[in-house]
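Trainee: this one's structure only:
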């Protein structure tokens, strides 16, 4: 599994919210095993859009889409509770 390089605005968001280290840890776990329990990966509603998320921490999630069989692109980071 491979995650595409992040855009500059995404890196800036991670830095502003002190999530860069958490992202790196989650990225490593995801690339080794996308179904690792701590990632809590899930298909988002509405399911026909085929957007997924994985957990960075209890509060933040990365939203992504598969662009190829073994490659994903991070679309956004969200506060899970807003």
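Mentor: Right, received. Where do you want to start? Small disclaimer: the values here were computed from a predicted structure and weren't measured. Residues are numbered from 1 along each chain as shown.

Trainee: quick one: contacts for the most centrally placed residue in the chain?
Mentor: Closest to where the C-alpha atoms of the chain average out (Cα atoms, centre = their mean) is residue 62, at 2.9 Å. Counting by Cβ atoms under 8 Å, 6 or more residues apart in numbering, residue 62 touches 23, 26, 53, 54, 56, 74, 76, 77. Where C-beta positions appear, they are placed from N, C-alpha and C, glycine not excepted.

Trainee: mind telling me what element the third one is part of?
Mentor: It stands for residue 53. According to DSSP states H and E, residue 53 maps onto strand 52-55.

Trainee: would you check which pair of the contacts of residue 62 lies furthest apart?
Mentor: With Cβ to Cβ as the measure, no two of the contacts of residue 62 lie farther apart than 26 and 76, at 14.6 Å.

Trainee: can you classify the residue sitting furthest away from the middle of the chain as helix, strand or coil?
Mentor: Here the chain reaches farthest from its C-alpha mean at residue 48, the gap being 18.7 Å by Cα atoms, centre = their mean. Using DSSP: H, G, I helix; E, B strand; the rest coil, the secondary structure recorded for residue 48 is helix.

Trainee: separation between it and residue 24?
Mentor: 32 Å (Cβ to Cβ, to the nearest Å).

Trainee: what's the answer for residue 63, then?
Mentor: 18 Å.

Trainee: so the two - more neighbours on which side?
Mentor: A direct count of neighbours by other Cβ atoms under 10 Å for residue 63 and residue 24 places residue 63 higher, at 15 against 12.

Trainee: for that one, which residues count as its bridge partners?
Mentor: Beta-bridge pairing for residue 63 (DSSP bridges): residue 53, residue 76.

Trainee: list the contacts of it.
Mentor: Applying Cβ under 8 Å, 6+ apart, the residues near residue 63 are 44, 51, 52, 53, 74, 75, 76, 77, 78.
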